[in-house]
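In: below are the sequence and a predicted model for it; my questions follow.
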Amino acid sequence: MYNLLRFIHKHHFVILFLVLEVLCVLMMTWTMDFHHQKRVNVTNDVVGRVYETGSNIGDYFRLRKINEQLAAENALLRQQVAVVTDTAQCQYDYRNADTVYEFIPARVVNSTVNRPNNYILINKGSHDGVEKDMGVVSPDGIVGIVSEVSPHYASVMSLLHSFSTISVRFKSNGQLANLRWETSNYRYGIIDDIPTHLTLNEGDTIVTSSYSYIFPENLMVGTVMELIVSPSGTLNKAKIRYATDFSSLKYVYMIRHTDKAELDTLIKHQPKL
């Protein structure tokens with residue numbers, strides 16, 4: 001201890017200089033956009049590689065379950081194609097389909113479900129075409145929105161986040177509403193502002209609305225679990241069960257809207273009322 005104190009006393013100017021240098025670098029990364037973005041990119045890459053290594057080890061012991069999920073998804077896709085077209089009577093070229101959405105597959109390398117604000121880390125980034133504000137879906141339903149992107153990884157703000165608000169629609173009656181998360185349970189969310197004259201039943205389906213170009217219309221969101229009647233007789237609420245099980249999420253798809261830049265320009269130049 002005595003030798004340590006002597007060393008600090010002898011080199012205290014150098015130590016003070018190094019401490020101040022580190023503090024200056026940290027302040028720059030937090031206050032300047034360029035440096036902040038560089039810090040986010042480096043952090044995402046480093047943390048992503050660590051989590052991906054751990055995820056690869058875990059996947060080795062979960063191969064059977066993963067294969068069963070992929071088989072189930074392939075079966076569903078084949079069923080949907082069979083509904084769209086009769087391949088025995090005509091040809092259908094999916095590359096020429098009239099759609100403005102493209103899908104980028106990715107694997108989840110880390111996620112949380114028990115915090116007030118939860119995020120998901122995926123193993124695709126800007127080099128793979130991933131951009132901020134892309135919608136993210138799983139084989140079961142919607143997942144969230146891309147919040148940060150580095151060259152090889154991206155962070156997704158999941159539906160389990162206090163700032164997450166998604167425009168949804170009740171499939172049975174077409175009523176629009178907003179979905180948010182206010183519980184500590186990763187399986188359930190809340191829909192606000194439901195008119196009192198609407199009749200909802202347990203198990204009613206909730207899908208994405210047409211009021212957002214982040215998600216295509218009619219993607220699965222969840223099902224109604226309980227109608228919460230307002231004691232004042234105003235707008236009601238509903239508790240829903242998410243279609244996506246966030247605790248076992250392994251594979252997701254980023255949704256790229258090919259006309260997003262054009263839509264953003266129109267929205268930016270809309271006249272202010």
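Out: Received the coordinates, thanks. The structure displayed is predicted, hence computed values, not measured ones. Numbers count the residues shown, from 1 in each chain.
In: next up, the contacts around Val156.
Out: By Cβ atoms under 8 Å, 6 or more residues apart in numbering, the contact list for Val156 reads 119-122, 136, 143-147, 252. (C-beta placed from N, C-alpha, C; glycine too.)
In: neighbour-wise, give me the winner out of these.
Out: Within those, most neighbours by other Cβ atoms under 10 Å means Ile122, with 30 neighbours.
In: for that residue, grab phi and psi.
Out: phi -120, psi 160 (degrees, to the nearest 10).
In: and of the contacts of Val156, the nearest to Ile190?
Out: Taking Cβ to Cβ as the measure, Gly144 is the one of the contacts of Val156 closest to Ile190, at 16.2 Å.
In: separation between the closest one and Val136?
Out: Applying Cβ to Cβ, to the nearest Å, the value for Gly144 to Val136 is 5 Å.
In: shared neighbours of the two, anything?
Out: 120, 156.
In: which outside residues touch the longest strand along the chain?
Out: Using DSSP state E, we find that the single longest strand of the chain is strand 101-111. For strand 101-111, contacts defined as Cβ under 8 Å, 6+ apart pick out 47-48, 51-52, 54-55, 118-124, 128-130, 134, 153-154, 158, 216, 246, 249-258.
In: just the buried ones from those residues?
Out: 47-48, 51-52, 55, 118-124, 128, 130, 134, 153-154, 158, 216, 246, 249-250, 252-257 (16 or more other Cβ atoms under 10 Å).
In: so which of those residues belong to strands?
Out: Filtering the buried ones among the contacts of strand 101-111 for strands - DSSP E - leaves 118-122, 154, 158, 252-257.
In: identify the farthest-apart pair in these.
Out: Farthest pair in these, by Cβ to Cβ: Asn118 and His257, 24.3 Å.
In: residues near Arg115, how many?
Out: Around Arg115 there are 12 residues (other Cβ under 10 Å).
In: how about it, secondary structure?
Out: coil (DSSP: H, G, I helix; E, B strand; the rest coil).
In: show me where pLDDT drops low in the stretch 1-150 of the chain?
Out: Filtered on pLDDT under 70, the stretch 1-150 of the chain yields the residue ranges 1-5, 7-9, 12, 24-99.
In: let's see 90
Out: Along the stretch 1-150 of the chain, segments meeting pLDDT under 90 span 1-107, 116, 139.
In: where along the chain do the strands fall?
Out: 101-111, 117-122, 135-137, 142-149, 154-161, 166-170, 176-180, 188-194, 205-208, 220-228, 236-242, 251-257.
In: compare these and give me the one nearest Glu21.
Out: Set against Glu21 and scored by Cβ to Cβ, those come closest in strand 142-149, at 26.7 Å.
In: re earlier: of the strands of the chain, which approaches Ile267 most closely?
Out: Using Cβ to Cβ, those put strand 251-257 closest to Ile267, at 12.7 Å.
In: any idea of the mean pLDDT in the closest one?
Out: Mean pLDDT, strand 251-257: 87.
In: so what touches it?
Out: 69-70, 100-108, 120, 122, 124, 129-131, 134-139, 143, 146, 154, 156, 213-216, 263.
In: just the CA atoms of it, as CSV, please.
Out: Coordinates of each C-alpha in strand 251-257 appear next as CSV, following Å, rounded to 0.1, in the frame of the first residue of the first chain:
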residue,chain,number,x,y,z
TYR,A,251,-35.5,-15.5,-35.9
VAL,A,252,-37.0,-12.2,-37.2
TYR,A,253,-37.5,-10.3,-40.4
MET,A,254,-36.8,-6.6,-41.0
ILE,A,255,-39.4,-4.9,-43.3
ARG,A,256,-38.0,-2.4,-45.8
HIS,A,257,-40.5,-0.1,-47.4
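In: if anything else comes up later, I'll come back, but that's it for now.
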